[in-house]
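Trainee: Sharing a sequence plus its predicted fold:
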Amino acid sequence: MKRFWPSPLLSLVMWCLWLLLANDFSAGQMVLGVFFAWLIPVLTQPFWLSRPRIQKPWKLLSFLLLVHRDIVVANLAVAKLVLGSPSRLRPAFVEVPLDIRDDFVITMLASVVSLTPGTVSADVSRDRSVLLVHGLDVADIPEMIATIKQRYEAPLKEIFGC
């Protein structure tokens, strides 16, 4: 069954989105939507990262709430910086050493860093030991590294048991 429907939940979501975007709930659109909702996951399955098992789902929920809060707070901080004097900005590239080695968890960390306004993940070293992050306003590089490691990497490590 897994080979025929590699991701049933993804297929269901894609089918629903197809119908909503087509704005047509006729039998033909439903069949076409099912076809694409089946075909796309089957064709893209070789490119998917293997996901580690979530060890602490409640920790994941609190982590998502933390990230949401950080995004809102960082939006306000970046707006203040951008509307202020550009000469006060202290942009910098920072190399964050990684304790995690799982590709999926590193991708999640890089995504969280990039979602937070004022920072963007630029690269991951070949050996997966360093994440290169660009910060819009970096006052203290060791503090930024410690913040990313404590606030984002440590919870992800705990959630996925890495």
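Mentor: The structure has been received and is ready for your questions. Source: prediction; values computed, not measured. Numbering: from 1, shown residues only.
Trainee: ok, the nearest residue to Phe25 once chain neighbours are set aside - contacts?
Mentor: Among residues not flanking Phe25 along the chain, Leu19 sits closest, at 5.9 Å (C-beta to C-beta, 6 or more residues apart in numbering). All C-beta spots, glycine's among them, are computed from the backbone N, C-alpha and C. Under the criterion of C-beta atoms under 8 Å, 6 or more residues apart in numbering, the neighbours of Leu19 are Phe25, Gln29, Met30, Gly33.
Trainee: List phi and psi for the first one.
Mentor: Here is the backbone geometry of Phe25 (degrees, to the nearest 10): phi -110, psi 30.
Trainee: Just the pLDDT for it.
Mentor: Listed pLDDT for Phe25 reads 88.
Trainee: ok, it - how many residues close by?
Mentor: For Phe25, the count of nearby residues is 10 (other C-beta atoms under 10 Å).
Trainee: try the last one
Mentor: For Gly33, the number of neighbouring residues by other C-beta under 10 Å comes to 22.
Trainee: can you pull the contacts of it?
Mentor: With C-beta under 8 Å, 6+ apart, Gly33 has these contacts: Met14, Trp15, Trp18, Leu19, Ala22.
Trainee: From those, list just the buried residues.
Mentor: Met14, Trp15, Trp18, Leu19 (16 or more other C-beta atoms under 10 Å).
Trainee: for these, which one is nearest Phe63?
Mentor: Met14 (26.3 Å; C-beta to C-beta).
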